[in-house]
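A.B. asks: Structure here, sequence nowhere to be found:
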Ligand SMILES: C[S@@+](CC[C@H](N)C(=O)[O-])C[C@H]1O[C@@H](n2cnc3c(N)ncnc32)[C@H](O)[C@@H]1O
């Protein structure tokens, strides 16, 4: 079962209004044209703006619960927007499409859910099959900042406004890093005060890896791509490591 099924309950409360990367993917889609495929599309944070802007988008995700949230939002969209979106519950490591896409992208660090080199290469090989010959692959993976990685265990507690009630949500993140394997377990829970005054806790756990810059170059090269650009921000500024953003754009070699 996908670890995101539990997360789906509150994913949009935390991330639904994250906007910073959306103009970048819209611009990429304008450059390549439809059809577009988002790997690990989740609840449609990027799929929906793309479809509203007129692009044909296929979203794949291995969590049916995340896709159900996206489908519920899609059902409230005009018919022409609905008609531009296709959803597949699938694992991006081995999915095969018969159609080709001009743009395939994986936003918001989702590629880092592939924890082994074998899984990462399997995904890149699979995408290569359905990427158009002159298409583009865009991958966002955070830049592993050494001072943060030095903390094996990290607990962060923050509050955020609950977009539905206006009261604060309490978000607790407990991260345990395993530097030998370049992975981290993230335990997250959200405490939410209901109208009845009762605090409800929504827990979830997931595992991510981190990928260094040269490692990503090697993965792409091994999988038959060449790197077209590496950005350090969604405004396409050059990669400089310190921004914490690594945004790779690749094409078939
Ligand atoms: C951080 S969320 C990102 C969702 C969305 N792309 C966004 O930017 O809001 C990560 C998503 O990756 C999905 N995921 C993780 N591993 C996957 C895999 N092997 N194949 C497909 N989806 C996967 C999860 O189900 C989850 O929806």
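C.D. replies: Sure, I can see it. None of these values were measured; they are calculated from a predicted model.
A.B. asks: and the closest residue to residue 92 other than its chain neighbours, how many neighbours?
C.D. replies: Once flanking residues are discounted, residue 92 sits nearest to residue 39: 4.4 Å by Cβ to Cβ, 6 or more residues apart in numbering. All C-beta spots, glycine's among them, are computed from the backbone N, C-alpha and C. Using other Cβ atoms under 10 Å, residue 39 has 25 other residues around it.
A.B. asks: Could you check stretch 57-68 and say which residues are buried?
C.D. replies: 57, 58, 59, 60, 61, 62, 63, 65, 66, 67 (16 or more other Cβ atoms under 10 Å).
A.B. asks: from memory the residue nearest to residue 92 sits against residue 108, does it?
C.D. replies: No: assessed by Cβ atoms under 8 Å, residue 39 is found out of contact with residue 108, at 10.9 Å.
A.B. asks: helix or strand for the residue in the stretch 151-253 of the chain that the ligand sits nearest to, which one?
C.D. replies: The stretch 151-253 of the chain approaches the ligand most closely through residue 206 (7.9 Å), counting by Cβ to the nearest ligand atom. According to DSSP states H and E, residue 206 maps onto strand 199-209.
A.B. asks: what does that strand contact?
C.D. replies: Residues outside strand 199-209 that contact it (Cβ atoms under 8 Å, 6 or more residues apart in numbering) are 3-4, 6-7, 9-10, 109, 112-115, 181-194.
A.B. asks: Same question for stretch 92-100.
C.D. replies: 35, 37, 39-40, 58, 60, 62, 88, 106, 114, 119, 122-123, 126-127, 129-132, 135.
A.B. asks: Check these one by one and keep those near the ligand.
C.D. replies: Residues of these in contact with the ligand (Cβ under 6 Å from any ligand atom): 40, 60, 62.
A.B. asks: about what we covered before: name the residues of the strand holding residue 206 that are buried.
C.D. replies: Neighbour-count burial for strand 199-209 [16+ other Cβ under 10 Å]: 202, 204, 206, 208, 209.
A.B. asks: Tell me the helix or strand right after that strand.
C.D. replies: Next along the chain after strand 199-209, taking DSSP H and E as the criterion, comes helix 213-222.
A.B. asks: Show me what that next one is packed up against.
C.D. replies: helix 117-130, strand 225-231, strand 245-252 (3 or more Cβ pairs under 8 Å, 6 or more residues apart in numbering; DSSP states H and E).
A.B. asks: chain center to the first one, what's the gap?
C.D. replies: In terms of Cα atoms, centre = their mean, to the nearest Å, the gap separating the centre of helix 117-130 from the centre of its chain is 16 Å.
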